[in-house]
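**Student:** curious how this folds, go ahead:
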Amino acid sequence: MVNIGLNRVGLAASDRGNNFICLKVLMDTTEWLRCPVCGNKTRVQIREDTELKNFLLYCPKCKQASLIEAKNLHITVITEPDAKPMNL
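**Tutor:** Residues are numbered from 1 along each chain as shown. Predicted coordinates for the structure are as follows:
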């Protein structure tokens with residue numbers, strides 16, 4: 001059995017006997033989603049290859065929910081007449 005863990009630079013490291021193996025982790029670029037209303041960080045983090053469609057993003061600070069789309073770390077707020085932000 002081989003133990004694999006993450007080291008401080010984000011690489012998966014494995015140690016089998018005297019041979020040391022490093023594997024790159026797939027999460028190259030990640031970004032915290034920010035609230036389109038107040039600009040604060042939300043509790044959602046996305047990767048570079050994440051695609052979101054009609055995602056309801058909630059901000060715990062201003063307590064607003066916004067409908068968004070995301071592709072290639074580009075965030076678009078959906079503002080349709082039917083899609084109104086919710087006050088929770």
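
**Student:** if I pick Ser66, what's in contact with it?
**Tutor:** Ser66 is in contact with 35-37, 56-57, 59, 77, 85, counting by Cβ atoms under 8 Å, 6 or more residues apart in numbering. Any C-beta I mention is one placed from the backbone N, CA and C, and that applies to glycine too.

**Student:** now neighbour count, secondary structure and distance to Arg47 too, for those, in JSON lines please.
**Tutor:** Formatted as JSON lines, the contacts of Ser66 follow (neighbours: other Cβ atoms under 10 Å; DSSP: H, G, I helix; E, B strand; the rest coil; distance: Cβ to Cβ, whole Å):
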{"residue": "Cys35", "neighbour count": "19", "secondary structure": "coil", "distance to Arg47": "19"}
{"residue": "Pro36", "neighbour count": "18", "secondary structure": "coil", "distance to Arg47": "20"}
{"residue": "Val37", "neighbour count": "16", "secondary structure": "coil", "distance to Arg47": "24"}
{"residue": "Leu56", "neighbour count": "13", "secondary structure": "strand", "distance to Arg47": "19"}
{"residue": "Leu57", "neighbour count": "22", "secondary structure": "strand", "distance to Arg47": "16"}
{"residue": "Cys59", "neighbour count": "23", "secondary structure": "coil", "distance to Arg47": "21"}
{"residue": "Val77", "neighbour count": "13", "secondary structure": "strand", "distance to Arg47": "20"}
{"residue": "Pro85", "neighbour count": "16", "secondary structure": "coil", "distance to Arg47": "26"}
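
**Student:** show me where pLDDT drops low in this protein?
**Tutor:** The model of the chain has pLDDT under 70 over residues 1-28, 81-86.

**Student:** swap the cut-off to 90 and go again
**Tutor:** 1-29, 79-88 (pLDDT under 90).

**Student:** quick one: the strands in the chain?
**Tutor:** 4-6, 11-16, 19-24, 30-34, 41-47, 51-58, 64-71, 74-77, 86-87 (DSSP state E).
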